[in-house]
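J.: generate a structure from the sequence data that follows.
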Amino acid sequence: MQSSLTHNSTPPAHQELYALQQLLAMAQQYFQQQAQQSQSGNLRRQFQQLQQLHQQVLLLLPATEPAANADDQRLATLQQFYQNSSTEICSPACLSQLKLQLNKQLHWQKSLLRNQQLGCCHTVLLHFTASLQMATDQLALRLHH
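T.: Numbering: from 1, shown residues only. Now for the predicted structure:
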């Protein structure tokens, strides 16, 4: 009886949560690599902030077992960006793509928050999404200067 109380998310939410954790892990690795490669101190700090933000949320979310991949083209596109861009040094064009990527990721996360029963993960994801929005806004300001 107790296990049903602690696992109150529905199977689709479990799939989405697992997919989210995979995406966050890819993003965390991407930002870590970009911070190491960045020549600009300010940009390096922004990448470090994004890396730490993704790392913290991964630590706060409960571990989930692998599930069937969520059949979501938006998610596949988000994952593809982090996989394909992880070894490139971030240029001004890359920063513009990164801003678009983060906006897509935010949109997907907000959709997850609205449409899934995430239980205790809801608050963690809500705070992470707000922090990611602020970091994305800071990156956007950097692009305009």
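J.: which residue would you name as the spatial centre of the chain?
T.: Leu24 (4.0 Å; C-alpha atoms, centre = their mean).
J.: just for this protein, where's the confidence low?
T.: Scanning the chain for pLDDT under 70 picks out 1-12, 67-72, 86-87, 145.
J.: circling back to that earlier point, mind listing what the residue nearest to the centre of the chain touches?
T.: By C-beta atoms under 8 Å, 6 or more residues apart in numbering, the contact set of Leu24 is 54, 57-58, 61. C-betas here are computed from N, CA, C, even on glycine.
J.: then Gln32?
T.: 47, 51.
J.: follow-up on the earlier one: name the helix or strand for the residue nearest to the centre of the chain, please.
T.: Assigned by DSSP states H and E, Leu24 belongs to helix 11-37.
J.: list the buried residues for that helix?
T.: For helix 11-37, burial by neighbour count (16 or more other C-beta atoms under 10 Å) applies to 13-24, 26-35.
J.: what segments of the protein are strands?
T.: Using DSSP state E, no strands are found in the chain.
J.: now Leu126: how far from Leu60?
T.: 12 Å (C-beta to C-beta, to the nearest Å).
J.: with Gln22 instead?
T.: Counting by C-beta to C-beta, the gap from Gln22 to Leu60 is 16 Å.
J.: for Phe128, same thing?
T.: Phe128 is 8 Å from Leu60, by C-beta to C-beta.
J.: so the two - more neighbours on which side?
T.: Phe128 (21 against 14; other C-beta atoms under 10 Å).
J.: test my guess that the more buried one contacts Leu53.
T.: Yes: contact criterion C-beta atoms under 8 Å: Phe128 and Leu53 qualify, at 7.0 Å.
J.: just the helices from the protein, written as ranges.
T.: 2-6, 11-37, 41-60, 73-85, 92-115, 121-143 (DSSP state H).
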